[in-house]
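> Sequence and predicted structure, then a few things I'm wondering about:
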Amino acid sequence: YVARDSALDLEARRRGTSVYLVDRVIPMLPERLSNGIASLNPHAPRLTFSAWIDLDRKGRRRAVRIQRSVIESRHRLTYDFVNQVLAGQAQAESDLTAMLKLAEEVRDCLGSLRTARGAVDFDLPETRVVLDDRGHPVDIVPRSRGLAESIIEELMLLANEAVAGELLRHRLPGLFRVHDEPGDDKMDQFRELIGALGYRLPSPVTPKSLQKLLTEVKGKPEERVVNSALLRSMKQARYGPVNTGHFGLASEEYTHFTSPIRRYPDLWVHRVLSAHLDGTLTAEDRERLKELVQEVGDASSAREREAMEAERDSVQMKQAEYMRDRLGEEYSAVISGVTNFGIFVELPNLIEGLVRMEDLPRDYWIFDPVHYRLTGERTGRVFQLGQEVEVVVAAVDVALRRIDFKLKAPTAAPAPEKKSGTRRSRSRSRRRR
């Protein structure tokens, strides 16, 4: 449907990706195409491109074949419904339930293989903003991630790796999803941070050592802080014509194949594979695509970063809008960052804001950048990464996406009971002595 070098293709290449804002989607392809003829709707035959993958009983890949296909789906399944079926909380047709149980079994095998090779699984909860009919945020909750989401993720990883292998095997001008090893400087800073929390990381860093660290912090107050800091320390994945592997997934070959409607690199890979299968990929075409693929990879990487920033800004703006209606409310929070101008705190609903230095208790605060903490010179009080605190919403600037907190004032101690005059006199007498 998207012919090479057509106006539709060039516009999709310029956009690079669909952008998912809180209240809308800016699609890469026209909605009539992406939600219509190219969307899998129940009981409607659709032209598709399938990767058939044979696995052994342990989930190891044995054979791959990629074919043009026609799919007519019988059900439109939601994540919530599938999670309920797998948990025994909802009923489905017997053959559908059997297929879902098999998918769960495959997911377990694939997940075990990924863990064994050292893939880093960032279990970072995402925020879901609930809007009313006018687009005003009425609730902000962590986005749930159940078995159904995990099944889809594992099967997509499987398909992407298998297709990358086919691109390499046939020496096709594909686009690969590349994730390089983290730089030494970033890792040294990260080691300092986790060292302040009592953790260690060997050098050189490996996916397995990072995986071990994330297992150690799982379920602890500092888990979110360590996961977020590690993610910031890693290099950003990108698209390129040379397969150098994916560090985070501990994968030797990886591409993006599963979302051609919303990502241009996937559309590129579909097109290259399709021409290869049809026998229309001439030597001249190969050379032309090889010259173009680097440019497409760089542009797609840049558009992806812009989309991520827009999506993050969109969420932060709605978070600020939500908190503007809650000035003066009290929350439990965790210190997620320590700087020379204050402390960042994160609420249970993942909203983050700043307690400014001038709003901390009266003291001379000494910033320790190595251990990520502030220490009061007079009182000896310490604020450090991962510490739990009670805060009050102090100010909100929606346009700047900024939320300011203050520490909750300590509850005043109850006044002592009045004593009799005689005993009061004795007390004063003792004090004078």
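Perfect, I can see it now.

> Name the residues of the strand or helix carrying residue 194 that are buried.
Using DSSP states H and E, residue 194 falls within helix 184-196. Buried residues in helix 184-196, counted by 16 or more other C-beta atoms under 10 Å: 186-187, 190-191, 193-194, 196. Just so you know, the C-beta spots here come from the backbone N, C-alpha and C atoms, and that holds for glycine as well.

> Check which helices and strands that helix is in contact with.
Judged by 3 or more C-beta pairs under 8 Å, 6 or more residues apart in numbering; DSSP states H and E, helix 184-196 is in contact with helix 223-233.

> roughly how far is the helix it packs on from the heart of the chain?
Put simply, helix 223-233 sits 11 Å off its chain's centre (C-alpha atoms, centre = their mean, to the nearest Å).

> ok, now stretch 88-103?
Distance, centroid of stretch 88-103 to centroid of chain: 29 Å (C-alpha atoms, centre = their mean).

> So which residues of the stretch 51-200 of the chain form helices?
79-86, 94-117, 147-169, 184-196 (DSSP state H, counting those that start in this stretch).

> which element follows the last one toward the C-terminus?
Right, helix 184-196. helix 207-217.

> what's that following helix in contact with?
115, 117-123, 194, 199, 201-202, 223, 226-227, 230, 247-248, 250 (C-beta atoms under 8 Å, 6 or more residues apart in numbering).

> just the strands in the stretch 251-400 of the chain please.
330-339, 342-346, 352-356, 365-368, 373-376, 382-384, 388-397 (DSSP state E, counting those that start in this stretch).

> Comparing these, which comes out most buried?
strand 342-346 (a mean of 23; mean count of other C-beta atoms under 10 Å).

> Mind giving me the packing neighbours of that one?
strand 330-339, strand 352-356, strand 388-397.

> Make TSV out of the ones you listed and add distance to residue 170.
Shown next, in TSV, are those (distance: least, C-beta to C-beta, whole Å):
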stretch	distance to residue 170
strand 330-339	47
strand 352-356	47
strand 388-397	54
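
> With distance to residue 270 and mean pLDDT added, can I get these in TSV?
Converted to TSV, those look like this (distance: least, C-beta to C-beta, whole Å; pLDDT from 0 to 100):
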stretch	distance to residue 270	mean pLDDT
strand 330-339	40	92
strand 352-356	39	96
strand 388-397	44	96
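
> To residue 33, which of the ones you listed lies closest?
Proximity to residue 33, assessed across the helices and strands packed on strand 342-346 by C-beta to C-beta, is greatest for strand 352-356 (37.7 Å).

> And for that closest one, what's in contact with it?
323, 336, 341-346, 391, 393, 402-407.

> From those, which shows the smallest pLDDT?
The lowest pLDDT within these belongs to residue 336, which sits at 89.

> and the residue lying closest to that residue once chain neighbours are set aside, what does it touch?
The shortest distance from residue 336 to any residue other than its chain neighbours is 4.2 Å, reached at residue 346 (C-beta to C-beta, 6 or more residues apart in numbering). Contact analysis of residue 346 by C-beta under 8 Å, 6+ apart lists 224, 333-334, 336, 352.

> Give me the distance between residue 346 and residue 395.
Residue 346 sits at a distance of 17 Å from residue 395 (criterion: C-beta to C-beta, to the nearest Å).

> Check residue 324 too.
In terms of C-beta to C-beta, residue 324 sits 9 Å off from residue 395.

> Any idea how many residues pack against residue 81?
For residue 81, the count of nearby residues is 16 (other C-beta atoms under 10 Å).

> thinking it is in contact with residue 91, fair?
No. Under the criterion of C-beta atoms under 8 Å, residue 81 makes no contact with residue 91, lying 10.4 Å away.

> Which two of the contacts of strand 352-356 have the greatest separation?
Pairwise across these, and taking C-beta to C-beta, the largest span is found between 323 and 341, at 20.3 Å.

> Before we move on, what's the pLDDT of the closest residue to residue 247 other than its chain neighbours?
Among residues not flanking residue 247 along the chain, residue 179 sits closest, at 4.7 Å (C-beta to C-beta, 6+ apart). At residue 179, the model reports a pLDDT of 95.

> My understanding was that residue 179 contacts residue 250; is that so?
No. At 9.9 Å, residue 179 does not count as touching residue 250 under the criterion of C-beta under 8 Å.

> Counting neighbours, which bits of stretch 297-304 end up buried?
Neighbour-count burial for stretch 297-304 [16+ other C-beta under 10 Å]: 297, 299-301, 303-304.

> Please consider this matter closed, and thank you.
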